[in-house]
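Asker: I need the structure of the sequence given here:
(3 chains)
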Amino acid sequence: MGRVLSIQGGGRRWWISVGLLGLLFVLLALVVPLVVVVQRSLDAGFGNFADALASASFLRSLGNTATLAVSVTVWSALIGYPYAYAMARSGRVLSRVLMTALMLSFWTSLLVRSYAWQVILNDTGLVNELLLGVGIIDEPLQLIRTPLATLIGMTHILVPFTVLAVYAQLRGISPDLAIAARGLGATRTRAFWTVTFPLSLPGLAAGSLLVFVLTLGYYVTPQLLGGAGNAVIGQSIVEQTNVLLNTGVGSAMAVLLLLIVVLILGVAARFLGLGRVLGIATERSAR
Amino acid sequence: MNAGVSVRVVGILIAILLIVPTIVICATAFTSGSSVTFPPQGFSLRWIDDVLGDRRWMRAFGNSFSVGLLAALFAMIAGAALALGAARARGAVASVFTAVSVLPMIVPLVVGAIGFYLVYARLGLTGNVLGLAIAHGVLGLPYVFVNVLALLRTLDPRIEEAARVHGAGQLTTLVTITLPLLAPATVIGGLLAFISSWDEVVVATFLSDARFQTLPVLMYGQIRSGVEPSVSAVALVVTVVTFAVVLVVFSVGPIRARLARRSSRP
Amino acid sequence: MSPADSRAPGAALDIRSITKRYGDTPAVDAVSLDIRAGEFVTLLGASGSGKTTLLRIIAGFADADEGSLLVDGQELRSVPVHRRDIGMVFQNYALFPHLNVEQNVAYPLRMRGMRGPERRRRVAEALEAVHLPTFGRRRITELSGGQQQRVALARAIVSRPRLLLMDEPLGALDRNLRDALQLEISRLSRELGLTVVNVTHDQEEALTMSDRIALLDRGRLVQFATPDDLYHRPVDDTAAAFVGESNLFRGSVRDDGTLDGADGVVFSPPSLVDGSAVGSGRVAVMVRPSLVRITAVGSAPEAHSRVDGHVSGIVYAGDSRKIIVTTASGTELIAREDAARPLDVSVEQPVTLHWDARSSIVTRLAAGSAGATAPAPETRRTVRA
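Answerer: Have a look, this model is predicted:
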């Protein structure tokens, strides 16, 4: 029947022309600008790339970005997994409360959240006031403009992606499986580690990958929370283009960043399916 | 099997950590003092009054709103068109439509921002609503695409066939049947595109100038030049508008899962 | 619709060797049907028979690879879907969920540029015709399945199309509703003089509603005939097996006209046919279960054809009772009798099945039919795919 109902030649051409309308918009609005970036990066042959890769500050920002991305991903997994588990495996009330808290945070503008962490972590901020008040420290800790501040802010902003990916996966696993395992004599902990956890790994992997890739492109949060010595790629690029007005080298750096992202997603698509990572079901079984 | 007590406690603690920043900002907006401290000193609406009475902030508010609406419109048109193409073409063509539609999600904003700047500056599309709306429109397009595609998958093709057989040409069918049926998903996608434009800083910074600034751009500048309670008041306004739109999205339909589709980026 | 308006009769539809292939397999294989104006024709077949594909080709949703479709002598294949002047009823109604009942019914008129009081009058008439005169302002979601199908019917007839197509129109409804709507659709189509092409896999529906039935099997036209002919004079074993319940014996005719491979059946008279009448020597003999009698072994009338076996099951189905008899070679045959009659056999009891010679219908074997390679007699129950 599916074959009988499928769209025939003339009808398909019509829908393709409808799609082309949207395609044209993306081409003009986004693809052309990207092509121009690539073009600009090559305006001195590979000189811009050579300059970029010879720049100590750029190389340092690459290292900083990699470190940051790994840390944010790991912390997001450590914090996000139990949260998703509590959300998926509790009563309705708690489950709702946790989901609401997650959404409140998720939907707060990331600029607002970065600003909030600045307020919380600065010398007279909530954390220092608390620690001083309790008497653990005698003078304010330097929290703001440190890699730690960037890590906290970024993790806070990105952990919802891990939570939602793991949560979606856990919801697909019947709780009966773990109950069955317990019925066969496994302890609660053992049932979790041998049954539920392995089954939830695809969700964790998809969420973590998304967090990792998103971290690579961040600019605002590291700029507001991080120190001068721990700039990330995004900051290097903006510095080249806006401060040093060297769009050639800036473009070369941007192209390198784009390549890294595309490469990682390309490899991930092989193993996880890009659709899962981007939250789009690209398999088209319906037709 | 339900989560144990310890997992629940951990969950609640993390929930508190998740919402603390939002609460801190909202609270500091109501301070009566002249510095941003938490807990705030006293309670007053003076900073909020300040912001609402400040022409600079209000102009930025208007800019952000116009850009957001126009961007949502672009995203809705192009996103729905691409979703229709992706769902109803086949093979390589369908893959191209899908790839193009997720591209804006993949490109890091910094990279996109440079490209927009290089091209749009030459076309006179910087420092005005239109240029930024085009850029934000293409960045918000995936929200519309994903939502419309999901609805298309559940749409009975025979409804459109019924229109065709009863005398409607292809364009007429699209306008009188298909688009109205896709409207809920398109609007939800459009609202999400609005929000993503509403609080976007990086591209907006590249495409703005001294006379044309959006709320996030102005706020970003303020934060960098020094924290004061009026920034918290602006942050509160930004957050309230966002939450209001999100509430609409939640109540429009049981498409809650779609909310997870939002990608938040610098 | 008022009777005065209803004289506009449907068109004649001449389907000429329409073929549609998907890859190498033909979904519709050189099917020709000459449908008269005002005729109610049903395309009957199991799933995969090509009936839906043929209907979609007529509607214009699919294009044929070969053949032609002539409506009142005019080629339809080159006419785009929306200009074919067709009304159509879909299995799952396919109503426009964002429009109310009135707007749904008005849609075909709107598309034809009709507006104002004329349009309102026609919509009201159509709703009247399907007995929903007061439902105009209702939302589609407020209607029951039966009401939705009535609205779909009103939408399909409101523009008085040259052709009314129906794709399993009653498939989603329950038994009682189906019976009521069957009668109503028949009545309406006759009153309006519509030419109807209906698709179904339900033989009962086909037999009840149609002037003629086109039986399709694996893309090919098996038989195009009135319900009566199809039931009593099936052209081959496929038709015999598909329409109604039947006991079938497949074998080949010897020179003297007797059947070889008849599996213990004693035909009376032994000579069934002169072989030339069937063409090849391979035939199927069909006996309707309702014409088969059951009796104690040895007491069948001499003039009757008969076969021995034992009762292997007794199944009640409403007013009738089905007695399943297994022959010595393991073949199951069916005798159907009035359930009101006292039951005089029991399971495991040896019996003889017998029937009047005139009840045996000899048909040819369809090319590629199961019986053509395995000539064992076979019984099939009513097919409801």
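
Asker: contacts, neighbours, all on C-alpha from now
Answerer: OK.

Asker: so the closest residue to residue C:296 other than its chain neighbours is in which element?
Answerer: In space, and not counting its chain neighbours, residue C:296 is closest to residue C:351: 4.8 Å by CA to CA, 6 or more residues apart in numbering or on different chains. Element membership for residue C:351, per DSSP states H and E: strand C:350-355.

Asker: So which residues of chain A form strands?
Answerer: Secondary structure of chain A by DSSP state E: the strands cover A:43-46.

Asker: just to revisit the earlier point, starting from the strand holding residue C:351, tell me which strands it pairs with and how they run.
Answerer: strand C:293-296 (antiparallel), strand C:305-317 (antiparallel) (DSSP bridges).

Asker: Dump those strands to JSON lines, plus mean neighbour count and mean pLDDT.
Answerer: Formatted as JSON lines, the strands paired with strand C:350-355 follow (neighbours: other CA atoms under 10 Å in any protein chain shown; pLDDT from 0 to 100):
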{"stretch": "strand C:293-296", "mean neighbour count": "18", "mean pLDDT": "87"}
{"stretch": "strand C:305-317", "mean neighbour count": "19", "mean pLDDT": "87"}
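
Asker: tally of neighbours for the residue in the stretch 51-200 of chain C positioned nearest to chain B?
Answerer: Distances between the stretch 51-200 of chain C and chain B by CA to the nearest CA are smallest at residue C:82, namely 4.1 Å. With neighbours defined by other CA atoms under 10 Å in any protein chain shown, the count for residue C:82 comes to 23.

Asker: how about the nearest residue to it, chain neighbours excluded?
Answerer: Nearest residue to residue C:82, sequence neighbours excluded (CA to CA, 6+ apart): residue B:167, at 4.1 Å.

Asker: before we move on, the earlier item: so the residue of the stretch 51-200 of chain C closest to chain B is in contact with residue B:166, correct?
Answerer: Yes. Residue C:82 is within contact range of residue B:166, at 6.2 Å (criterion: CA atoms under 8 Å).

Asker: Which residues are in contact with each of these two?
Answerer: Residues touching both residue C:82 and residue B:166 (CA atoms under 8 Å, 6 or more residues apart in numbering or on different chains): none.

Asker: Residue C:69 looks like it's in a helix, true?
Answerer: No. Under the criterion used here (DSSP: H, G, I helix; E, B strand; the rest coil), residue C:69 is strand, not part of a helix.

Asker: What residues are bridge-paired with it?
Answerer: Beta-bridge partners, per DSSP bridges, of residue C:69: residue C:15.

Asker: Correct me if wrong: it contacts residue C:12.
Answerer: No. At 10.4 Å, residue C:69 does not count as touching residue C:12 under the criterion of CA under 8 Å.

Asker: neighbours around residue C:44, how many?
Answerer: Counted with other CA under 10 Å, the neighbours of residue C:44 add up to 30.

Asker: For burial, what's the neighbour tally of the nearest residue to it once chain neighbours are set aside?
Answerer: Among residues not flanking residue C:44 along the chain, residue C:215 sits closest, at 4.8 Å (CA to CA, 6+ apart). If you count neighbours by other CA under 10 Å, residue C:215 ends up with 27.

Asker: what about residue C:215, distance to chain A?
Answerer: According to CA to the nearest CA, to the nearest Å, residue C:215 and chain A sit 19 Å apart.

Asker: That residue belongs to a strand?
Answerer: Yes. Judged by three-state DSSP, residue C:215 forms part of a strand.

Asker: For it, name its beta-bridge partners.
Answerer: Bridge pairing for residue C:215 (DSSP bridges) gives the partners residue C:44, residue C:223.

Asker: three-state assignment of the residue in chain B that chain C sits nearest to?
Answerer: Across chain B, the shortest distance to chain C (CA to the nearest CA) belongs to residue B:167, at 4.1 Å. Here residue B:167 is recorded as coil under three-state DSSP.

Asker: For it, give me its contacts.
Answerer: C:81, C:82, C:83, C:84, C:85, C:108, C:111, C:112.

Asker: Please flag which of those residues sit within helices.
Answerer: Per DSSP state H, helices hold the following members of those: C:108, C:111.

Asker: Would you mind giving the contacts of residue B:167 as CSV with pLDDT added?
Answerer: Listed next are these as CSV, based on pLDDT from 0 to 100:
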residue, pLDDT
C:81, 93
C:82, 93
C:83, 93
C:84, 94
C:85, 93
C:108, 97
C:111, 96
C:112, 94
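
Asker: ok, and the most crowded of the contacts of residue B:167?
Answerer: The most neighbours of any of the contacts of residue B:167, using other CA under 10 Å, belong to residue C:108, which has 29 neighbours.

Asker: Can you give me the pLDDT of the residue nearest to that one when sequence neighbours are not counted?
Answerer: Among residues not flanking residue C:108 along the chain, residue B:166 sits closest, at 4.9 Å (CA to CA, 6+ apart). Residue B:166 carries a pLDDT score of 96 in this model.

Asker: same thing with residue C:370?
Answerer: We note a pLDDT of 46 for residue C:370 in this prediction.

Asker: What separation do you get for the closest residue to residue C:226 other than its chain neighbours and residue A:26?
Answerer: Nearest residue to residue C:226 in three dimensions, chain neighbours excluded: residue C:212, at 4.2 Å (CA to CA, 6+ apart). Distance of residue C:212 to residue A:26, given as CA to CA, to the nearest Å: 55 Å.

Asker: residues in contact with the residue nearest to residue C:296?
Answerer: Residue C:351 makes contact with C:294, C:295, C:296, C:297, C:308, C:309, C:310, C:311 under the criterion CA under 8 Å, 6+ apart.
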